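# show me how the following folds:
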Amino acid sequence: MEAKETNLLPDTSPNSAPQPFIPLLAPSPMAAPFFHNSTPKLSVDNLLRTTAVDCWASFAPFLANVICCPQFEATLVILIGQASKDSSLLALDSVHANYCLSDIQQILGSQGVPSDLHDICSIRSSNLSEGSCPINDTIGFESVVDSSKLLAACSKVDAVNECCRQICQSAINEAAKNLVLKDGGLMTNMEINDTTVEYSSTVNSCKNIVLRWLSSRLDSSSAKQVLRGLSNCNVNGVSDGGPNVMLHNAPLGEGNLKVSVDVVLQEEAELPIPLKSGPTVMIDAVGTVVGWPKELVIFPTTKTDD
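This next block holds a predicted model:
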């Protein structure tokens, strides 16, 4: 009887041992899924989640200048700074700035943030550009600024001492002014004066460039702590007291601080340092600067990840 040919059996060679016939199987559905274990370059989700919490629709208008807007501004700075690691650009052109701000607003809106957050915080797409600063890339920045000195001053911001000693703030101001002076054509044709509108505007634009560069050299968590620490100094308006420090034509006094009052929790509470003429209770002091005992000022603390 002749053997019938079949296509179901594998071909075997008489010179080698036959191989087992095992069909190619797909991975078991119960097998462990594949995960990408590399560390992402930017924790965008964490940044946006924090911003969404700080800018929740019910509270954003009331805590805008204190909590929400500083976090929103820090998020934008960090996003551009971290992106510069690939692009080397510390600013966005008008087209990309519009798309970027719109996309971020839509993402935050889906997480309960008011749709007019950019209006609440006075953020425009132009805030994501270089403005009038003559430098907008990392190569140009590092050719002008002493980057090691800047990092040494701002890699960590002490929440208590920075507001009084202004170590990082001074380094940022110095770096920004160096960037302004880079534009030789502009500076040689006008007298540099800190009170001129044009010069002040250019310095502010360059400060944004400095902050983005700092954010590119720090991880996103550290950058957020630095930026929020700096914004707290601006929000709180803290200034150390001393024998020569005056407040409303009266000595501030040793151990006291100047603080600006933005939000009041106990409206009828008396001011700890009464003014000779002016408000005596907290609700009447909103929008003004008052004296406050240093030991009663609680500065925000930064938590470090284990």
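
# nearest the geometric middle of the chain, what residue?
Taking CA atoms, centre = their mean, the centroid of the chain lies closest to A74, which sits 2.1 Å from it.

# if we ignore the residues flanking it in sequence, what's nearest it?
What sits nearest to A74 in space, not counting adjacent residues and going by CB to CB, 6 or more residues apart in numbering, is L227, at 3.9 Å. Any C-beta I mention is one placed from the backbone N, CA and C, and that applies to glycine too.

# A helix includes the one you found, no?
Yes. Remark: L227 belongs to a helix, assigned using DSSP: H, G, I helix; E, B strand; the rest coil.

# so how far is N178 from it?
21 Å (CB to CB, to the nearest Å).

# what about those two, which has more around it?
Each of L227 and N178 has its neighbours counted (other CB atoms under 10 Å); L227 has more, 24 against 17.

# surely the more buried one touches L79?
No. Using CB atoms under 8 Å, L227 is not in contact with L79, being 11.8 Å away.

# output the lowest mean pLDDT helix or strand found in this protein.
Sorting the helices and strands of the chain by mean pLDDT, DSSP states H and E puts helix 184-188 at the bottom, at a mean of 45.

# so which elements touch the next helix or strand after it?
Going down the chain from helix 184-188, the next helix or strand is helix 197-217, by DSSP states H and E. Contacting helix 197-217 under the criterion 3 or more CB pairs under 8 Å, 6 or more residues apart in numbering; DSSP states H and E are the following elements: helix 69-87, helix 138-144, helix 147-154, helix 167-182, helix 220-236.

# export those helices to a markdown table and tack on distance to L265 and mean pLDDT?
Shown next, in a markdown table, are the helices and strands packed on helix 197-217 (distance: least, CB to CB, whole Å; pLDDT from 0 to 100):
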| stretch | distance to L265 | mean pLDDT |
| --- | --- | --- |
| helix 69-87 | 19 | 94 |
| helix 138-144 | 42 | 95 |
| helix 147-154 | 32 | 95 |
| helix 167-182 | 28 | 91 |
| helix 220-236 | 15 | 83 |
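
# distance to D103 added to the ones you listed, as JSON lines?
Listed next are the helices and strands packed on helix 197-217 as JSON lines, based on distance: least, CB to CB, whole Å:
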{"stretch": "helix 69-87", "distance to D103": "10"}
{"stretch": "helix 138-144", "distance to D103": "23"}
{"stretch": "helix 147-154", "distance to D103": "29"}
{"stretch": "helix 167-182", "distance to D103": "28"}
{"stretch": "helix 220-236", "distance to D103": "18"}
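
# please, which helix or strand holds S115?
Here S115 is assigned to no helix or strand, by DSSP H and E.

# you'd agree it is up against S102?
No. Assessed by CB under 8 Å, S115 is found out of contact with S102, at 11.1 Å.
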